[in-house]
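A.B. asks: Attaching a predicted model along with its sequence, questions to come.
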Amino acid sequence: MSHEGRHDHPEEERMILAHDPVPGYRPVFTVIFALSCLYLAYVLFTTL
Amino acid sequence: MINALPPAVILIVGALLIPLLKGRMKQAWMLLLPIASFVNLLSIPPGSHWSFSFLGYELVLGQLDRLSLIFGYIFHLIAFITNLYALHVEDRVQNIAGLAYAGAALGVIFAGDFFTLFVFWELLTICATFLVLARRTPEAFGAGFRYFMVHVAGGLCLLAGILLHVQQTGSVAVTFLGLNGLASYLIFIGVGVNCAWPLLHTWLTDAYPASTVTGTIYLSAFTTKAAVYLLARSFAGTDALIWIGAVMAGFPIFYAVIENDLRRVLAYSLINQVGFMVVGIGIGTELAVNGAVAHAFNDILFKGLLFMTMGAVLYRTGKINATDLGGLYKSMPWTCAFCIVGAASISAFPLFSGFVSKSMVMEAAAHDNLRLVWFVLLFASAGVFHHAGIKIPFFAFYSHDSGLRCKEAPRHMLLAMGLTAFLCIFIGSFPQYLYRLLPYATDYQPYTVSHVVAQTQLLFFSALAFTLLLLSGIYPAEIRSVNVDADWVYRKGGRLFYSLSDRIFNGLNNWGDRIFVRGIPGALARFFADPGANLQKAGARLTSGSSRDLAAIDAAIERRSRLGAYPVGIGVLLAVLCLSVMSFIFFW
């Protein structure tokens, strides 16, 4: 099957593709975000 | 005297012969033409060739130097690759328009005078319009029409500038202009339309995703790069370009993140990458111009590769929205791999082509102490990794499983993508081959520890941000929608202009109609139907006291009028009036 860019089945197309949070993300997010900020701050201070 | 043809001729004339061929002959012809044209180009020595006089001006069909030659090489290369990719296309409109489009682009970059350049510039517009229209959908017809209108307006601006420039200087030579008067500003803006400057860019994100699978590959290579060439030729070192380029590099990031159509994401990404080139040209140093030209060379390849992979997805599935795709790595593993190479190249991963050119522009900005511009370019680098480096392959080939199961892309498409992917890695690994072609000799070394570490950190943190945002559910959902861009100003402004014009000019017309067509002539006609009686009635109205007397007087006047019996005084009054009017006309 090949198409030259024509949408043959518009009724099957999704309107939205949401990204649900993965359970337990918050502590991982917080730790990595904090570490990243610390690292970037370190880089900033050493280069100024 | 040289035994070669002007660079644009072979592709344009060859394109016109396509209707005479079909099947394998046509396919062989389409592959042969760029090769023959490239061999022809190699046989032309640097300098000005094919000069002739036209209306007292010297026109030059071939001006070859290092700047035009590198664009000539890459235009031939991408024409060959795109023809290979489009080998299955039986539509002659696309075949002819694609080849003639490449030929027109060669005509622009090798033109030695502005008249020749303008002719090929307009041919670019016509061919590109046909490439958009060739999809033959209502959206494509609308986008093609808008593309044509915008570029005709830009072309008129360019033409006005050229004519003023020629009138002021007497020269038609394509050379450095700088911004120094109305003519140069008009040329500058005319080029800016094709370069997709901010607020003039919406034709690109409108038309490119609306074109056919293969048409978009052609479109991504030529129009904007021909404009970049002309900026490098005529406006290198113009400060305004630094800021225009910085805005170009920055603003498309936001649109690309929320855009659902993956080919439109790439269209925004194209503007972002052209922004790097424009900044380089604006800085104007040898390193910066080299960086801009090298990035144009690389962008044609990696952006072409990304458009090719998305074209293959569209070709096989009929879908291109992120909401509909996902999980295609199982069905299209090769296409997925080539897409990742394109994504790594545009994101400037070390050992991929984008790294060796983007860093030149950023280095040039740093050398000139353009801190703000440097930070914008840094932000743009992170952004492009996010939307083109991650979003494109992730939503097309991974993400959620859309359930789509299709065949891998056809062999000729894979071959074209594979060749382009190889070139992306080769240039990234051995940049000296590209550097030898640049306008200025350079010993630039991209692979220093600081460059590699800085870029790797940038990419790592961008990927980390994407991952965290996605896993935490903060990443914006992909939504089938129309995102409002600067074209809102055209659309609403155009409608407002139409409405105001309608009210003002049609109102004036109606008013004029009421007064000068129906009002005054009607009153005159009524008066001159019986001027004697009417004068008497008017006189009676001025002198009579009551309306009852008036009715009787009017009846008496009309009776006399029917009998043709006026008082002598009325006849004298009419004669005096008539003589007065005639005297006024005669003596005035």
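C.D. replies: Noted; the coordinates are in hand.

A.B. asks: Mind telling me what element the nearest residue to residue B:130 once chain neighbours are set aside is part of?
C.D. replies: Nearest non-adjacent residue to residue B:130, counting by C-beta to C-beta, 6 or more residues apart in numbering or on different chains: residue B:97, 3.9 Å away. From N, CA and C alone the C-beta is placed, and that goes for glycine too. Residue B:97 is part of helix B:92-110 when elements are defined by DSSP states H and E.

A.B. asks: For that helix, which helices and strands make contact with it?
C.D. replies: helix B:9-16, helix B:23-42, strand B:57-64, helix B:66-85, helix B:114-133, helix B:215-234 (3 or more C-beta pairs under 8 Å, 6 or more residues apart in numbering or on different chains; DSSP states H and E).

A.B. asks: Now do the buried residues in the fourth one.
C.D. replies: What that stands for is helix B:66-85. B:67-72, B:74-85 (16 or more other C-beta atoms under 10 Å in any protein chain shown).

A.B. asks: was I right about residue B:338 contacting residue B:305?
C.D. replies: Yes - counting by C-beta atoms under 8 Å, residue B:305 is a contact partner of residue B:338 at 6.3 Å.

A.B. asks: Tell me where the chain has strands.
C.D. replies: Chain wasn't specified; assuming chain A. According to DSSP state E, chain A carries its strands in the segments A:16-17.

A.B. asks: Correction: the question concerned chain B.
C.D. replies: Using DSSP E, the strands found in chain B span residues B:47-54, B:57-64, B:478-479.

A.B. asks: closest to chain A out of these?
C.D. replies: strand B:478-479 (4.0 Å; C-beta to the nearest C-beta).

A.B. asks: same question for that closest one, mean pLDDT?
C.D. replies: The average of the pLDDT scores along strand B:478-479 is 83.

A.B. asks: and it, which strands flank it?
C.D. replies: strand A:16-17 (antiparallel) (DSSP bridges).

A.B. asks: need the contact list for residue 43.
C.D. replies: All of this refers to chain A. Listed by C-beta atoms under 8 Å, 6 or more residues apart in numbering or on different chains, the contact partners of residue A:43 are residue B:457.

A.B. asks: my bad, chain B
C.D. replies: Contacts of residue B:43 (C-beta under 8 Å, 6+ apart): B:2, B:3, B:4.

A.B. asks: just residue B:333 next, same as before
C.D. replies: residue B:408.

A.B. asks: do the one 3 residues further on as well
C.D. replies: Contacts of residue B:336 were listed using C-beta under 8 Å, 6+ apart, and they are B:309, B:328, B:329, B:393, B:396, B:397.

A.B. asks: at 7 Å what do you get?
C.D. replies: For residue B:336, the contact set (C-beta atoms under 7 Å, 6 or more residues apart in numbering or on different chains) comprises B:328, B:329, B:393, B:397.

A.B. asks: ok, of the residues you listed, which one's closest to residue B:103?
C.D. replies: residue B:393 (33.3 Å; C-beta to C-beta).

A.B. asks: so how far is residue B:459 from the closest one?
C.D. replies: 14 Å (C-beta to C-beta, to the nearest Å).

A.B. asks: now do residue B:113
C.D. replies: 45 Å.

A.B. asks: One more: residue B:433?
C.D. replies: Going from residue B:433 to residue B:459 by C-beta to C-beta gives 24 Å.

A.B. asks: which of the two has more neighbours?
C.D. replies: Per other C-beta atoms under 10 Å in any protein chain shown, whichever of residue B:433 and residue B:459 has more neighbours is residue B:459, with 22 against 10.

A.B. asks: Skipping adjacent residues, who's closest to that one in space?
C.D. replies: Excluding the flanking residues, the one nearest residue B:459 by C-beta to C-beta, 6+ apart is residue B:385, at 5.6 Å.

A.B. asks: tell me the helices in chain A, going along the chain?
C.D. replies: A:25-47 (DSSP state H).

A.B. asks: which residues sit in contact with the residue positioned nearest the centre of chain B?
C.D. replies: Against the mean C-alpha coordinate of chain B, by C-alpha atoms, centre = their mean, the closest residue is residue B:194 at 4.2 Å. Taking C-beta under 7 Å, 6+ apart, we find residue B:194 in contact with B:154, B:223, B:224, B:226, B:227.

A.B. asks: ok, residue B:376 - contacts?
C.D. replies: Residues near residue B:376 by C-beta under 7 Å, 6+ apart: B:246, B:249, B:250.

A.B. asks: That should have said residue B:477, apologies.
C.D. replies: With contact set as C-beta under 7 Å, 6+ apart, residue B:477 has these partners: A:16, A:17, A:18, A:19.

A.B. asks: So what's the residue count around the third one?
C.D. replies: Close neighbours of residue A:18, defined as other C-beta under 10 Å, add up to 11.

A.B. asks: got the phi/psi numbers for the closest residue to it other than its chain neighbours?
C.D. replies: Sequence neighbours aside, residue B:477 is the residue nearest to residue A:18 in space, at 4.2 Å (criterion: C-beta to C-beta, 6+ apart). Here is the backbone geometry of residue B:477 (degrees, to the nearest 10): phi -70, psi 150.

A.B. asks: From residue A:14, how far out is residue B:477?
C.D. replies: Counting by C-beta to C-beta, the gap from residue B:477 to residue A:14 is 11 Å.

A.B. asks: now residue B:260
C.D. replies: The gap separating residue B:260 from residue A:14 is 10 Å, by C-beta to C-beta.

A.B. asks: ok, and the closest non-adjacent residue to the residue in the stretch 351-500 of chain B that chain A sits nearest to?
C.D. replies: When scored by C-beta to the nearest C-beta, the stretch 351-500 of chain B has residue B:473 as its residue closest to chain A, at 3.3 Å. Distance criterion C-beta to C-beta, 6+ apart; nearest residue to residue B:473, sequence neighbours excluded, is residue A:21 at 3.3 Å.

A.B. asks: picking up where we left off before, list the residues that contact the residue nearest to residue B:130.
C.D. replies: By C-beta under 7 Å, 6+ apart, the neighbours of residue B:97 are B:127, B:130, B:131, B:134.

A.B. asks: again with residue B:463
C.D. replies: With contact set as C-beta under 7 Å, 6+ apart, residue B:463 has these partners: residue B:390.

A.B. asks: Apply 8 Å and report the result again.
C.D. replies: Contacts for residue B:463 (C-beta under 8 Å, 6+ apart) come out as B:385, B:390.

A.B. asks: Same question for residue B:574.
C.D. replies: B:531, B:532, B:535.

A.B. asks: just those residues now: which is nearest chain A?
C.D. replies: Comparing those against chain A with C-beta to the nearest C-beta places residue B:531 closest, at 73.5 Å.

A.B. asks: Show me what the worst-scoring helix or strand of chain A on mean pLDDT is in contact with.
C.D. replies: Least confident helix or strand, chain A: strand A:16-17 with a mean of 83, by mean pLDDT, DSSP states H and E. The set of residues external to strand A:16-17 that reach it, using C-beta under 8 Å, 6+ apart, is B:322, B:323, B:326, B:395, B:399, B:400, B:477, B:478, B:479, B:480.

A.B. asks: how many other residues sit next to the closest residue in space to the fifth one that isn't next to it in sequence?
C.D. replies: In space, and not counting its chain neighbours, residue B:399 is closest to residue B:326: 4.0 Å by C-beta to C-beta, 6+ apart. Residue neighbour count, defined by other C-beta under 10 Å, stands at 21 for residue B:326.

A.B. asks: Look up how far residue A:22 lies from residue B:326.
C.D. replies: Residue B:326 is 17 Å from residue A:22, where distance means C-beta to C-beta.
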